[in-house]
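Q: The following comprises the amino acid sequence and a computationally predicted model.
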Amino acid sequence: MVMGKPVIRSAIAMKLAAIGMATGAAMMAMPAAAQVRDPVYSSARAEGKVGEQVNGYLGFVTPAGPDLKKVIEDLNIRRRAVYAEKAKATSATIEEYALTSGCLLISHTAPGEKYQAPDGSWQTRTAAPPLRDPRCP
Amino acid sequence: MTDARPILLTRLCLGLSLALGGCITVKAPDKPIVIELNVNIKQEVIYRLSGDAAQTIDKNAEIF
């Protein structure tokens, strides 16, 4: 009776390890960004409700509900914190670092996703290169 | 003949005040100032930061 517990425990541990390995394998097959993005953000992005702005932050293409608004505003606050830290490390301003990131993030958009053109209008990404600021690398 | 001068003067004053008034009412809106800040960021700065920014985006994928 006393010996039973460790056996059960190790059986559970083995099952958990197997589940972990299966999940790991499934996640490896998914695109890098899809596995880490908040599902609310991920679906809003895919549906074209939010897009990448020129300034390096996410923007609302259509009026957002309170839940989506909270998720996106939270991401923008976290983006700003990262930009601020990296700007300091590279002797740049937050705006400079954010704008540079915006250039790259617009390039990284997938076809169907929204991004902001230099004139401020929302565009849907196609297979063609996006419309970007002429200063973008 | 003597009446002509005051009329001419009033017309001159009217014209001057109109011209001056036009100059004063021209005001710059607030929005272009925000755009100007972005315009001031030089291409060479963006090129210098792009490598670092690309790494930052990869390492913080959950917020991008």
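A: Everything's here; your move.

Q: Around A:Asn40, how many other residues sit close by?
A: Not quite, residue A:40 is Val, not Asn. Number of residues near A:Val40 (other C-beta atoms under 10 Å in any protein chain shown) recorded here: 16. Placement of C-beta: from N, CA and C, glycine included.

Q: Setting aside sequence neighbours, what's the nearest residue to it?
A: A:Val71 (4.6 Å; C-beta to C-beta, 6 or more residues apart in numbering or on different chains).

Q: Around chain B, pick out the residues from chain A.
A: A:32-33, A:36-38, A:54-55, A:75, A:78-79, A:82, A:86, A:89-90, A:92, A:95-97, A:99-101, A:103-105, A:108, A:134-137 (C-beta under 8 Å from any C-beta of the partner chain).

Q: right, and the helix or strand after the lowest-mean-pLDDT helix or strand in chain A?
A: In chain A, the helix or strand scored least confidently by mean pLDDT, DSSP states H and E is helix A:4-29, which has a mean of 44. Sequence order places helix A:39-46 as the next helix or strand after helix A:4-29, per DSSP states H and E.

Q: Give me the mean pLDDT for that next one.
A: Helix A:39-46 comes out with an average pLDDT of 97.

Q: burial measure for the residue nearest to A:Val40, as a count.
A: When neighbours are counted by other C-beta under 10 Å, A:Val71 registers 19.

Q: cool, and A:Leu58?
A: Using other C-beta under 10 Å, A:Leu58 is surrounded by 23 other residues.

Q: circling back to that earlier point, and the residue nearest to A:Val40, how far from A:Thr93?
A: 27 Å (C-beta to C-beta, to the nearest Å).

Q: And the residue nearest to A:His108 when sequence neighbours are not counted, what's its pLDDT?
A: Computed as C-beta to C-beta, 6+ apart, the closest residue to A:His108 that is not its neighbour in sequence is B:Ile57, at 7.4 Å. pLDDT recorded at B:Ile57 is 98.
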